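A.B. asks: A structural model of the following input is requested.
(one chain, ligands or ions: 1)
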Amino acid sequence: MRIVLRIGGSVIASPPDPKMLNRYVEVITQILREGHGMIIVVGGGRPAREFIQIAKDMGMEEPEQDEVAISISRVFAQLISMKMGGHEWKDVPTSLEEARDALRRRGVAVMGGLRPGMTTDAVAALAASEIDADLIIKATDQDGVYTKDPEKHPEAEKIDEMSFEDLAALLERERHTAGIHQIIDPEAARILRERRIRTIVVNGFNPENVLAALRGEKVGTLIH
Ligand code: UTP
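C.D. replies: Take a look at the predicted model:
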């Protein structure tokens, strides 16, 4: 299978967690050993947000703020990449073409952000669409998609399975509750819906969940 794994900065980088990064390297290695090809897209989490603030305080505009966040996400991609392939794997793809190329040569590509004005979710969706992925797994800081933002609504319920149409409706509803970080970026959701790429959202603090999702076990939220 061709898989895109999106690892939230919230999971590996907030604060940066060497043990968790290494656990992901193990999981990725295992998936590769099973013969799957994979593009991994990581976010920069809290450090990225800190650098956004620094750029802002220095008087820079949003595109420049985003550029530093992208750089930070690439450092985390580089850590995973070099842990797997040593110094030779130090270069992180900075375009979809480069990611595709790395996938062809090595069976795996590890990347961070791409361009200002988007999220790593959107990068993952674009990568999935570029390689016509069979599956995208998002490893995040929640157990899956909830009926409402679980941080604010204790009565929110986890959804086990939903359609892309359900997800679009849910994101549209949530959009009006100002500024909350959505479980999936609506732009990414739109791309995945259009291409009908099977998507599973799992709790990334247990990297084994990624393996479970891949094996078709009931974990997180399946969107299809
Ligand atoms: P994300 O919010 O996508 O990453 O990017 P994350 O840290 O993994 O977040 P969690 O774990 O899901 O919460 C952080 C910021 O980096 C910039 C944007 O400002 C984005 O909000 N970014 C990222 C870009 O501008 N372009 C990209 O391609 C990626």
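A.B. asks: Confirm residue 216 sits in a strand?
C.D. replies: No - looking at residue 216 with DSSP: H, G, I helix; E, B strand; the rest coil, it is coil, so not inside a strand.
A.B. asks: Next, give phi and psi for it.
C.D. replies: For residue 216, the backbone dihedrals are phi 80, psi 10 (criterion: degrees, to the nearest 10).
A.B. asks: Give me the distance between it and residue 222.
C.D. replies: Applying Cβ to Cβ, to the nearest Å, the value for residue 216 to residue 222 is 9 Å. Any C-beta I mention is one placed from the backbone N, CA and C, and that applies to glycine too.
A.B. asks: Next: residue 74.
C.D. replies: 30 Å.
A.B. asks: Which of residue 216 and residue 222 has more residues huddled nearby?
C.D. replies: More neighbours surround residue 222 than the other of residue 216 and residue 222, with 21 against 10 (other Cβ atoms under 10 Å).
A.B. asks: Number of residues surrounding the closest residue in space to residue 205 that isn't next to it in sequence?
C.D. replies: Spatial nearest neighbour of residue 205, chain neighbours left out: residue 11 (6.0 Å); criterion: Cβ to Cβ, 6 or more residues apart in numbering. Neighbourhood size, residue 11 [other Cβ under 10 Å]: 22.
A.B. asks: again with residue 154
C.D. replies: The burial count for residue 154: 7, using other Cβ under 10 Å.
A.B. asks: try the one 10 residues further on
C.D. replies: Around residue 164 there are 19 other residues, counting by other Cβ under 10 Å.
A.B. asks: what does residue 199 give?
C.D. replies: For residue 199, using other Cβ under 10 Å, the count is 30.
A.B. asks: in a strand, that's where the residue nearest to residue 205 is, yeah?
C.D. replies: No - according to three-state DSSP, residue 11 belongs to no strand; its state is helix.
A.B. asks: which residues touch it?
C.D. replies: Shown in contact with residue 11 (Cβ atoms under 8 Å, 6 or more residues apart in numbering): 17, 20, 45, 139, 140, 141, 204, 205.
A.B. asks: go again using 7 Å as the cut-off
C.D. replies: Residues in contact with residue 11, defined by Cβ atoms under 7 Å, 6 or more residues apart in numbering, are 20, 139, 140, 141, 204, 205.
A.B. asks: Write out the residues of this protein neighbouring the ligand.
C.D. replies: Residues of the chain lying close to the ligand by Cβ under 6 Å from any ligand atom are 8-10, 43-45, 48, 66, 69-70, 73, 113-121, 123, 140, 181.
A.B. asks: Now do residue 32 against the ligand, distance only.
C.D. replies: In this view, residue 32 and the ligand are 22 Å apart by Cβ to the nearest ligand atom, to the nearest Å.
A.B. asks: show me where this protein has helices.
C.D. replies: 9-12, 18-33, 45-57, 62-85, 96-106, 120-130, 164-175, 186-195, 208-214 (DSSP state H).
A.B. asks: Can you name every helix or strand that the longest one contacts?
C.D. replies: Which is helix 62-85. Where contact means 3 or more Cβ pairs under 7 Å, 6 or more residues apart in numbering; DSSP states H and E, helix 62-85 is packed against helix 18-33, strand 37-42, helix 45-57, strand 108-111.
A.B. asks: Quick check: which of those is nearest to residue 135?
C.D. replies: strand 37-42 (9.9 Å; Cβ to Cβ).
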